[in-house]
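Asks: Sharing a model prediction with you, sequence too.
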Amino acid sequence: MSEITILVIEDDPAVRRGVVDVLEYAGYRTLEAPDGHSGMDLALKANFRLLLLDLVMPGPSGFDILEALKKKRPGQAVIILSARGEENDRVRGLVGGADDYVVKPFSMKELLARVDAVLRRTCERAAPADSRAIPGGNVDLRGRVLTFQNGRREDLSERENDLLRYLLDSNGRIISREEILRNLWGLDPDRTETRTIDMHIMHLRSKLGDKNQSLLATVRGKGYRWTP
């Protein structure tokens, strides 16, 4: 399975399912949203390398999501998927920050070729911060390892690494268990009872040497917050 995650925001369930199935068959991880409301939330908060974005859907439009991404996540790789093939729409999408524009109906073979091309063009731009400074040391998110100024080193599991990246990217925002389950674990929080998040938080604190929760704090009844 590829380490690359692709977010698909598409309101047509048949098209969305087809795109997601093809991407997963090709080895990508996927996140998906069926409308502009949940799409905007995932686009601004989730961890992904590429966004496949419909333009016309309930809630915020694809253009609204593009505008928000331009402000909060400049440089995010985006391919627009739309039945609107008029020149003005294509130009507006590309000027708004999209890397490519695919007009429906399209073949899945063509889509995978476009995905591959955009990922190759944007690979350096899409992951500029694989190394992050943390109090007392550094985290290498590509190598999944914590190193500290006193010489201590801690390897991170894939889930621990993804969770730490998500927390670091949250800019001090409180992250609920439900958000983690949905965006990182790919589980429906309404249908899932699990203590796995608590265990991963506990393991991260141990590896960070954060006994007093000065870095990774629990906000009672709400979730977790990274507070460097």
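Replies: Cool, got the structure.

Asks: which stretches of this protein have low pLDDT?
Replies: Low-confidence segments of the chain, defined by pLDDT under 70, span residues 1-3, 85-87, 122-129, 189-194.

Asks: which stretches of it form strands?
Replies: 5-9, 29-33, 50-54, 77-82, 100-103, 131-134, 137-140, 145-148, 153-155, 216-219, 223-226 (DSSP state E).

Asks: Can you report how many residues lie near L146?
Replies: Using other C-beta atoms under 10 Å, L146 has 23 neighbouring residues. Placement of C-beta: from N, CA and C, glycine included.

Asks: State the distance from it to K222.
Replies: Separation of L146 from K222 (C-beta to C-beta, to the nearest Å): 26 Å.

Asks: Can you pull up the most central residue in this structure?
Replies: The C-alpha lying nearest the average C-alpha coordinate of the chain belongs to N47 (C-alpha atoms, centre = their mean; 1.9 Å).

Asks: For stretch 149-168, output the C-alpha coordinates as CSV.
Replies: What follows is stretch 149-168, C-alpha atoms only, in CSV (Å, rounded to 0.1, in the frame of the first residue of the first chain):
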residue,chain,number,x,y,z
GLN,A,149,19.4,16.7,22.1
ASN,A,150,20.5,14.4,24.9
GLY,A,151,21.1,11.6,22.3
ARG,A,152,17.9,9.7,23.0
ARG,A,153,16.2,8.2,19.9
GLU,A,154,12.6,6.8,19.6
ASP,A,155,11.2,5.0,16.6
LEU,A,156,7.5,5.7,15.8
SER,A,157,5.0,3.3,14.5
GLU,A,158,3.2,4.3,11.3
ARG,A,159,0.0,5.2,13.3
GLU,A,160,2.0,7.1,15.9
ASN,A,161,3.8,9.0,13.2
ASP,A,162,0.5,9.9,11.4
LEU,A,163,-1.1,11.0,14.6
LEU,A,164,1.9,13.2,15.6
ARG,A,165,1.9,14.8,12.1
TYR,A,166,-1.8,15.5,12.4
LEU,A,167,-1.4,17.1,15.9
LEU,A,168,1.6,19.2,14.7
